[in-house]
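J.: Pasted the sequence and its predicted model underneath.
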Amino acid sequence: MKDTLKVGLGSTRRIMIDKPRTVDFLGEQLRVYATPELVRDFEVACREFLLDFCDAGEDSVGTGINITHGGATLLGMAVDLTLTVAAVEGRKVSFELVARDGAEEISRGEHGRFVIQVDKLRAKVAAKAALTVSPALQPAA
């Protein structure tokens, strides 16, 4: 991991709330941003931000997320996801998160990620798969 990753760095990503990101329990005309999709969007934004600070062969995995989701964002609205590096402890990176639509703040929270060596994690997961997955479900070599 590059040593240029510092506390206080961050980015904002604008996303459009499309139909797959919504739930319809208020009716088709009032589809709103689903919390699981908000979580996924925060995770993707943080991972993609960290990729700029990863060395060749590195990536990151999520280690936890804690958010509020207090605003209903309608289908078709834009949401700005802002992430800020709150801490860097070796390969562990913590983010502060805020999401706003055009009307209000809809979410706030924290997300943790860990920068990993892809080859090491691949070997670890493959070893686990060899022990736990039926032969019919294992990927072809």
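T.: Arrived safely. Here the structure is a predicted model, which means the values were calculated and not measured.
J.: and the longest helix along the chain, how far from the chain's centre?
T.: Longest helix in the chain by number of residues (criterion: DSSP state H): helix 35-51. Distance of helix 35-51 from its chain centroid, counting by Cα atoms, centre = their mean, to the nearest Å, is 2 Å.
J.: What residues sit buried inside that helix?
T.: By 16 or more other Cβ atoms under 10 Å, the buried positions in helix 35-51 come out as Glu37, Leu38, Val39, Asp41, Phe42, Glu43, Ala45, Cys46, Arg47, Phe49, Leu50. To be clear about C-beta, it is placed using only N, CA and C from the backbone, and glycine gets the same treatment.
J.: hmm, who's touching that helix?
T.: 5, 10-11, 13, 15, 20-22, 59-60, 62, 65, 67, 69, 79, 81, 83, 93, 95, 97, 99, 106-107, 109, 111, 113, 115 (Cβ atoms under 8 Å, 6 or more residues apart in numbering).
J.: State the next helix or strand along the chain beyond it.
T.: For helix 35-51, the succeeding helix or strand toward the C-terminus, using DSSP states H and E, is strand 58-69.
J.: State the next helix or strand along the chain beyond that following strand.
T.: Helices and strands here follow DSSP H and E; after strand 58-69, the next one along the chain is strand 78-89.
J.: Can you tell me the centre-most residue of this protein?
T.: Residue closest to the average C-alpha location in the chain (Cα atoms, centre = their mean): Glu43, at 0.3 Å.
J.: so Ser107 bridges to which residues?
T.: As for beta bridges, Ser107 partners with His69, Ala99 under DSSP bridges.
J.: correct me, but it touches Ala99?
T.: Yes - the criterion here is Cβ atoms under 8 Å, and Ser107 meets it with Ala99 at 3.9 Å.
J.: got the angle for the lowest-mean-pLDDT helix or strand in the chain vs strand 58-69?
T.: Lowest mean confidence among the helices and strands of the chain (mean pLDDT, DSSP states H and E): helix 118-132, at a mean of 90. Following axes from the mean of the first three to the mean of the last three Cα atoms, to 10 degrees, one obtains 80 degrees for the angle between helix 118-132 and strand 58-69.
J.: Understood, closing this out.
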